[in-house]
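*Asks:* Predicted model follows, preceded by the sequence.
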Amino acid sequence: MKCLRCGYCCVHLEVIIVDNPERGISEDNLIPKPTGERCKHLLGVEPGEFTCAIHDKEWYNETPCFKHTQIEKTPECDCRMGNYTLKQKK
């Protein structure tokens, strides 16, 4: 799934996130990000232009965020939630 950087998942989904990026993934460094609360690693202010402050960390591919996907035909398919969210913003 191709993320469209709409920010929906980083605000509206409850997920476990890394608290302190300098410490990486460890059991005592994982915290829940509540539904409706903006992830502290989300950078930017405009839907479609958001980025993740920890996306380039070597351990990022072990996070729930990296593993989030939808049922899609190919990994190159645009995120359906992102498409919907960005259309609603126009």
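*Replies:* Received the coordinates, thanks.
*Asks:* where in this structure is pLDDT low?
*Replies:* Residue ranges of the chain with pLDDT under 70: 90.
*Asks:* repeat that for 80
*Replies:* For the chain, the stretches flagged by pLDDT under 80 are 89-90.
*Asks:* can you give me the helices for it?
*Replies:* 8-12, 64-67, 80-89 (DSSP state H).
*Asks:* can you put the ones you listed in CSV and add mean neighbour count?
*Replies:* Glycine gets a C-beta too; all of them are placed from N, C-alpha and C. Formatted as CSV, the helices of the chain follow (neighbours: other CB atoms under 10 Å):
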stretch, mean neighbour count
helix 8-12, 17
helix 64-67, 14
helix 80-89, 14
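*Asks:* Save those as JSON lines, and put in distance to Pro47 too.
*Replies:* As requested, the helices of the chain are exported to JSON lines (distance: least, CB to CB, whole Å):
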{"stretch": "helix 8-12", "distance to Pro47": "8"}
{"stretch": "helix 64-67", "distance to Pro47": "17"}
{"stretch": "helix 80-89", "distance to Pro47": "5"}
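*Asks:* Tell me which of these sits nearest to Glu27.
*Replies:* helix 64-67 (14.3 Å; CB to CB).
*Asks:* And the contacts of that closest one?
*Replies:* 9-10, 15-17, 52, 60 (CB atoms under 8 Å, 6 or more residues apart in numbering).
*Asks:* ok, of those, which come out buried?
*Replies:* The neighbour-count criterion (16 or more other CB atoms under 10 Å) marks 9-10, 15, 17, 52, 60 among the contacts of helix 64-67 as buried.
*Asks:* List just the nearest of those residues to Val45.
*Replies:* Using CB to CB, these come closest to Val45 at Cys10, 12.5 Å.
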